[in-house]
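In: Here you go, sequence then predicted model.
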Amino acid sequence: MTIGVLGGGQLGRMLAEAAGALNLRCKFYDKAADACAGQIAELIVGDWCDEQNLARFAEGCDVITFEWENVPVETARFVERFAPVRPSITALEQTQDRAKEKALFGKLGIPAAPYELVQTEGEFTAALEKLNAPCILKTRRMGYDGKGQMRIDTADDAARLAEFRGKECILEKRVAFDRELSIIAVRGTNGEIAHYNLVENHHSEGILRTTISPAPNVSQTLQSAAESYAKRMLEALNYSGVLAIELFQVGSELLANEFAPRVHNSGHWSIEGAVTSQFENHLRAVCGLPLGSTANRYRCVMTNIIGEDAGVPEPNEKRFVHMYGKQPRPGRKIGHITEIVEPYQ
């Protein structure tokens with residue numbers, strides 16, 4: 001069985017690594033000739049609107065998925081002529097626009113931070129008066145790893161808005177949260193749903209640095225709330241595959257920040273730390289295979305290797321180093337390390 005993957009970055013690479021154990025084959029499509037998934041699997045290179053190359057990629061695929069949420073919707077619709085696209089294109093559309101994403105949370109009764117839609121300076125001023133600083137201004141599209149957003153600590157920060165002028169944005173009230181968490185869930189084509197334990201995430205400069213799995217001091221009430229949010233989204237979107245929701249914990253409440261319709265950085269620990277990794281379960285889900293157990297095998301800590309980090313330790317029986325075959329540059333994720341703390345009980 002052949003799975004076509006739109007996007008050829010490290011998430012795709014780890015999908016291909018997981019595919020072998022299931023006797024599956026991945027092939028990739030990416031704009032970049034040096035996309036790192038191409039080091040271990042077939043890679044078709046072309047623009048996202050290049051129908052000739054997209055057809056060459058899609059022919060022979062049994063199912064098509066994506067490892068990057070900013071794949072153009074038109075691209076996904078084109079390749080759907082050749083094979084089913086999973087997760088649904090609806091999920092792709094929702095996550096590409098922060099306004100649609102926030103509206104979906106509201107529709108499903110999933111609490112999130114207050115926000116206002118803004119585009120002009122007048123709309124920004126009115127929204128800031130309504131929400132009160134501190135806030136975060138985010139472009140509605142193409143923002144990830146801290147890109148496309150800025151902190152608004154006082155009304156005087158309006159003077160720094162030049163790069164956002166004329167763009168569709170949301171102004172979001174900054175939450176005084178206790179910690180950042182995420183839930184990763186997976187849904188099969190038959191509607192079967194499984195959830196991983198909540199994990200705790202630590203960011204710096206908008207980039208995930210460390211994930212602790214499972215998150216310490218999580219009550220069953222908190223875990224159940226996160227699972228409920230994920231279940232609502234999976235079912236509403238008629239979803240097949242892995243989905244992640246980034247969350248803020250505020251006391252005993254969870255607020256949704258954003259979701260990702262794909263395997264997620266905060267789930268990398270699952271390669272060694274879970275019975276079935278998020279990558280294997282994504283493949284199982286999109287291919288219509290039974291889901292694997294999402295239970296933890298170990299308590300562990302995942303740390304991203306970012307930029308020109310020269311301090312990569314040697315692997316051992318409790319330390320697993322994954323390098324992605326990417327050229328280092330500032331802010332770029334080039335690998336990750338998973339440290340086993342102890343068996344999970």
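Out: Everything's here; your move.
In: Name the helix or strand for the nearest residue to residue 115 once chain neighbours are set aside, please.
Out: Distances taken as Cβ to Cβ, 6 or more residues apart in numbering place residue 172 nearest to residue 115, at 4.3 Å, with adjacent residues excluded. In this view, the C-beta of every residue, glycine as well, is placed from N, C-alpha and C. Using DSSP states H and E, residue 172 maps to strand 169-173.
In: hmm, back to that, surely the residue nearest to residue 115 touches residue 118?
Out: No: using Cβ atoms under 8 Å, residue 172 is not in contact with residue 118, being 10.2 Å away.
In: Pull up the overlap in contacts between the two.
Out: residue 137 (Cβ atoms under 8 Å, 6 or more residues apart in numbering).
In: What is the strand holding residue 172 packed up against?
Out: Helices and strands touching strand 169-173, by 3 or more Cβ pairs under 8 Å, 6 or more residues apart in numbering; DSSP states H and E, are helix 98-107, strand 115-118, helix 121-131, strand 135-139.
In: which of the ones you listed sits most buried?
Out: strand 135-139 (a mean of 21; mean count of other Cβ atoms under 10 Å).
In: Please identify the buried residues of the very next helix or strand once past that strand?
Out: Next helix or strand after strand 135-139 toward the C-terminus (DSSP H and E): strand 149-152. With burial defined by 16 or more other Cβ atoms under 10 Å, the residues of strand 149-152 counted as buried are 149, 150, 152.
In: and the first one, what is it in contact with?
Out: It refers to residue 149. If you count contacts by Cβ under 8 Å, 6+ apart, residue 149 has them with 136, 137, 138, 139, 143, 206.
In: Which of those sits closest to residue 5?
Out: Using Cβ to Cβ, residue 143 is the member of the contacts of residue 149 that lies nearest residue 5, at 22.5 Å.
In: taking the mean pLDDT, what do you get for the helix or strand containing residue 302?
Out: Here residue 302 is covered by strand 298-306, with elements defined by DSSP H and E. Averaged over strand 298-306, pLDDT sits at 97.
In: and the gap between residue 153 and residue 122?
Out: Distance, residue 153 to residue 122, by Cβ to Cβ, to the nearest Å: 21 Å.
In: okay but residue 306 is in contact with residue 208, surely?
Out: No: counting by Cβ under 8 Å, residue 306 stays clear of residue 208, with 9.2 Å between them.
In: what's the burial count for the nearest residue to residue 180 once chain neighbours are set aside?
Out: What sits nearest to residue 180 in space, not counting adjacent residues and going by Cβ to Cβ, 6+ apart, is residue 201, at 4.6 Å. For residue 201, the neighbour count with other Cβ atoms under 10 Å is 21.
In: got a list of what residue 201 touches?
Out: Contacts of residue 201 (Cβ under 8 Å, 6+ apart): 180, 181, 182, 208, 210, 211, 212, 246, 266.
In: how far is stretch 178-185 from where the chain is centred?
Out: The chain centroid and the centroid of stretch 178-185 are separated by 12 Å under Cα atoms, centre = their mean, to the nearest Å.
In: What are the contacting residues of that stretch?
Out: With contacts defined as Cβ under 8 Å, 6+ apart, stretch 178-185 is touched by 193-196, 198-203, 211, 215, 218, 226-227, 229-231, 234, 242-251, 254, 257, 264, 266-267, 270, 278.
In: any idea which helix or strand carries the closest residue to residue 3 other than its chain neighbours?
Out: For residue 3, ignoring the flanking residues on the chain, the nearest one in space by Cβ to Cβ, 6+ apart is residue 26 at 5.1 Å. Element membership for residue 26, per DSSP H and E: strand 25-30.
In: right, and residue 330 touches residue 308 too?
Out: Yes: counting by Cβ under 8 Å, residue 330 does reach residue 308; the two are 7.4 Å apart.
In: Sounds good, over and out.
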